[in-house]
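Q: no FASTA, just this:
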């Protein structure tokens, strides 16, 4: 156990040291803090996207789901995340990077105005509070199992470490530590599958493997849930504030695009081996005469079936995945709260006399040398981290709330983003507003009418009925997104003559078109 | 700050009204426009500065086109433009309603380059609403409406 302890401890010390060291790059400037001065080169941008997409859910959750429900149930997580990065690279990275945005809701403000910006921001902040909590939960259990702390101490310890280097170094600290985290996760994942394949062999139970496509076509084998997971992550995470923050931070549109493609490949390379190892877990544990019980199957494997040095690398990789997603959640959420909800945009306020502190000399996190957005963003990290800790310690249904929150983001924010970029003439404020509300409300209504959400039992608010059974689980993801799409198009057409869209040029600037003559445009 | 109550009326000091008038007269017969930097005081909007913008329209006698970039003052601000033909309305046209992506819009009706009417509108969620607009002539407490043609 001491090897594992040293491995995890060493990884944490290195991450903390690197994070605090690179904090000097912030220089009192919020743009350095939130989007790393818009100067991330390809290796950093790709590593931070890859590390951000891989979290405890895509590793631990992945293996548990594969062991209990088959390859596609768990692999849907890394596949969905990789699909999201691939689609983002293909269609969104270049145009979004060109716009010089600082947070994703900035796009909603420029295109649709302040009300839409606020609604999008609230949806995103709540989703990410649950994402943070979900990763703290996984980390807390990991510390309890392998480090010997209590669950609560593990949660608080992880939150404190991530908080410390995140508010010190912002996206610079996050990106540099993400490089370490991506390497650790990569070697852990590859080392694990090589060891398992050579020592035990890969055994695929009947009907559970990647070629058992009934898992994607037969509702009785969980096809709706598996497809919904891929769609919810693949499309819903396009409007993820942490992914887009890294797209904005890339040093050029081309870098942003390539980083997305490399991040997608890395997510699959690291995530899929966990799924394959989990397929063999039943036969490995049976050969060792071990019953997994209620513990996470990966933890049981690491404790009993692999040498301590390899367990230490894999666990450090999971800790790293958990850290890298948590730091991104804290940074992304606090910057959206400061910039888009409180409304501080010093980089756009040239006439206000409060310019961005360009040459810094900051002597403290909240010193007078820092610009106002930086100070408030760092302050907002405090309540966000406390909220994440509270959810992790007090709310038992964190996992269910996390998937629900991301479903609401898919139903609420994706259609206005896609139309705003690719069908701008139809994309006006009433269409965006009604689409966001209709999609989100539809998803919430289905939530209270269904006994399960992504196979999690609805213990929060379920209205018993005979119409929507557990067999319906997974479909609300598609229905809510479809409602959002239909409402957007209908309202956009209905109001296009009375309420025009806000034209944006390639750099995201709005264009004013006015005139006394109402003749031909 | 983010969430604030809507303003009740708008005050533009005489010197800024003159700056707007001069810009419109200089540009005539082309439509002129730009921004008024503003600040909120006691639930009212007060103009504090004038930023003229060049008209980028292909047919500047019928349209005013400008890009909202780093030249634009921070919000709150008022976007203004002139209607320069006698046949044009004193208020917002359909194009104005649909294509001005700003919260406040001031329309200056100025046939032959002489401003006859100033009408200010605030963009609501679904429609534009007109607000009273005036100036302070002899002291901060004295507010006089600017000329308005319906």
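A: Nice, thanks for sending it over. Keep in mind that what you see is a predicted model, and the values were worked out from it rather than measured.

Q: Does residue A:240 touch residue A:85 like I think?
A: No - Residue A:240 is not in contact with residue A:85 according to CB atoms under 8 Å; the separation is 10.0 Å. (C-beta placed from N, C-alpha, C; glycine too.)

Q: How are the helices of the stretch 401-521 of chain A distributed by residue range?
A: For the stretch 401-521 of chain A, applying DSSP state H, counting those that start in this stretch gives helices covering A:429-449, A:475-495.

Q: and the angle for the last one with helix A:429-449?
A: Counting by axes from the mean of the first three to the mean of the last three CA atoms, to 10 degrees, helix A:475-495 lies at 160 degrees to helix A:429-449.

Q: Can you name every helix or strand that helix A:475-495 contacts?
A: Applying 3 or more CB pairs under 8 Å, 6 or more residues apart in numbering or on different chains; DSSP states H and E, we find helix A:475-495 packed against helix A:223-236, helix A:398-422, helix A:429-449.

Q: The second one vs chain B: in contact?
A: In this case it means helix A:398-422. No - figure legend: helix A:398-422 not in contact with chain B (CB under 8 Å from any CB of the partner chain); closest approach 12.3 Å.

Q: residues in contact with the residue in chain B positioned nearest to chain A?
A: Residue nearest to chain A within chain B: residue B:98 (2.5 Å; CB to the nearest CB). Residue B:98 is in contact with A:497-501, counting by CB atoms under 8 Å, 6 or more residues apart in numbering or on different chains.

Q: between those residues, which is nearest residue A:416?
A: residue A:501 (11.3 Å; CB to CB).

Q: any idea which element residue 97 lies in?
A: The chain I'm using is chain A. Per DSSP states H and E, residue A:97 falls inside helix A:93-98.

Q: um, chain B though
A: Using DSSP H and E, residue B:97 falls within helix B:94-99.

Q: If we go by neighbour counts, what in the helix or strand following that helix is buried?
A: Going down the chain from helix B:94-99, the next helix or strand is strand B:104-109, by DSSP H and E. Buried residues in strand B:104-109, counted by 16 or more other CB atoms under 10 Å in any protein chain shown: B:104-109.

Q: And stretch A:12-31, by the same measure?
A: A:12, A:15-16, A:18-19, A:22-23, A:25-31.

Q: ok, back up a step: out of the helices and strands packed on helix A:475-495, the one nearest residue B:73 is which?
A: So among the helices and strands packed on helix A:475-495, helix A:429-449 is nearest, using CB to CB, at 22.3 Å.

Q: returning to that earlier point: which residues are contacting the very next helix or strand once past the helix holding residue A:97?
A: Later in the chain than helix A:93-98, the nearest helix or strand by DSSP H and E is helix A:104-112. Helix A:104-112 is contacted from outside by A:96, A:99, A:101, A:116-117, A:120-121, A:124, A:239-241, A:244-245, A:336, A:339-340, A:413, A:416-417, A:420, A:424, A:427-429, A:432-433, A:501-502, A:504, A:508-510, using CB under 8 Å, 6+ apart.

Q: Tell me the buried residues within these.
A: Listed as buried from the contacts of helix A:104-112 are A:96, A:99, A:101, A:116-117, A:120-121, A:124, A:239-241, A:244-245, A:336, A:339-340, A:413, A:416-417, A:420, A:427-429, A:432-433, A:501-502, A:504, A:508-510; burial here means 16+ other CB under 10 Å.

Q: Off-centre distance for stretch B:101-110?
A: The chain centre lies 4 Å from the centre of stretch B:101-110; the measure is CA atoms, centre = their mean, to the nearest Å.

Q: same thing with stretch A:146-156?
A: On the basis of CA atoms, centre = their mean, the separation between the geometric centre of stretch A:146-156 and that of its chain is 24 Å.

Q: quick one: buried residues of stretch A:147-157?
A: A:147, A:149, A:151, A:154-157.

Q: Narrow those to those in helices?
A: Counted as lying in helices by DSSP state H, out of the buried residues of stretch A:147-157, are A:151, A:154-157.

Q: Mind picking the two most distant members of these?
A: Distances among these were taken as CB to CB; the most separated pair is A:151 and A:157, at 10.7 Å.

Q: quick one: common contacting residues for these two?
A: residue A:143.

Q: Which residue is the nearest non-sequential neighbour of residue A:302?
A: Excluding its sequence neighbours, the residue lying closest to residue A:302 (CB to CB, 6 or more residues apart in numbering or on different chains) is residue A:311, at 4.2 Å.
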